[in-house]
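Colleague: Dropping a prediction and its sequence here:
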Amino acid sequence: MNGFDTNVFVYACERSDPRRQRVALDLIDSTKDGIMVWQVACEFIAACRKLAEQGFTQAMAWKRLTEFLDVLPLVLPNPGVLRRAQQLHLESQYSFWDATLFAACLEAGITRLYTEDVPSQRPEGLEIVNPFA
């Protein structure tokens, strides 16, 4: 299965970089076994405030999230996510937010994560791909 980081969804809505927007939209559209983890859904709404200067409102963000969820199943966290996040955060020294995202992906069975933020050290079992490179 494939997962997406928040930046992919934000770029799909951002009009300031048409190439990056097209890459994000094409990736979301062409990934047949994609899913969205809960953390990313929440972060998307919060991150869209940066698009306000483009006229992208919070109501529009909620509408787009609904559209994304029409094609991508939403995966809710389970208790194992926090345990795995703790391990990744403390033992592998990932930031807290990266550790929780990686843990959510691994617990959900995601084997590939699309993100612009590729860490130098990748968690075992999770391929991280920058579609914008």
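Modeller: Alright, I've got the coordinates. Numbering: from 1, shown residues only.

Colleague: what's the spacing between stretch 90-108 and its chain's center?
Modeller: 13 Å (Cα atoms, centre = their mean, to the nearest Å).

Colleague: Please give the element, helix or strand, for residue 9.
Modeller: helix 6-13 (DSSP states H and E).

Colleague: roughly how far is that helix from the heart of the chain?
Modeller: Distance of helix 6-13 from the chain centroid (Cα atoms, centre = their mean) equals 8 Å.

Colleague: Repeat that for stretch 12-28.
Modeller: 14 Å.

Colleague: Tell me the buried residues in it?
Modeller: 12, 13, 14, 20, 21, 23, 24, 27, 28 (16 or more other Cβ atoms under 10 Å). For every residue, glycine as well, the C-beta is placed using N, CA and C.

Colleague: tell me what the helix or strand containing residue 42 is packed against?
Modeller: Applying DSSP H and E as the criterion places residue 42 in helix 38-47. Packed against helix 38-47 by the contact rule (3 or more Cβ pairs under 8 Å, 6 or more residues apart in numbering; DSSP states H and E) you find helix 6-13, helix 58-71, strand 74-75, helix 96-108.

Colleague: so is residue 125 in a helix, a strand, or just coil?
Modeller: Secondary structure state of residue 125, per DSSP: H, G, I helix; E, B strand; the rest coil, is coil.

Colleague: Which pLDDT does the model give it?
Modeller: In this model, residue 125 is scored at 94, pLDDT.

Colleague: got it, and the one 5 residues further on?
Modeller: Confidence per residue is given as pLDDT, and for residue 130 that number is 96.

Colleague: wait, it sits on residue 118?
Modeller: Yes: contact criterion Cβ atoms under 8 Å: residue 130 and residue 118 qualify, at 5.0 Å.

Colleague: which element follows the helix holding residue 9 toward the C-terminus?
Modeller: As assigned by DSSP H and E, the chain's next helix or strand after helix 6-13 is helix 18-30.

Colleague: Compile the helices and strands packed on helix 38-47 into a markdown table and extend it with columns for mean pLDDT.
Modeller: Below are the helices and strands packed on helix 38-47 laid out as a markdown table (pLDDT from 0 to 100):
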| stretch | mean pLDDT |
| --- | --- |
| helix 6-13 | 97 |
| helix 58-71 | 97 |
| strand 74-75 | 96 |
| helix 96-108 | 95 |
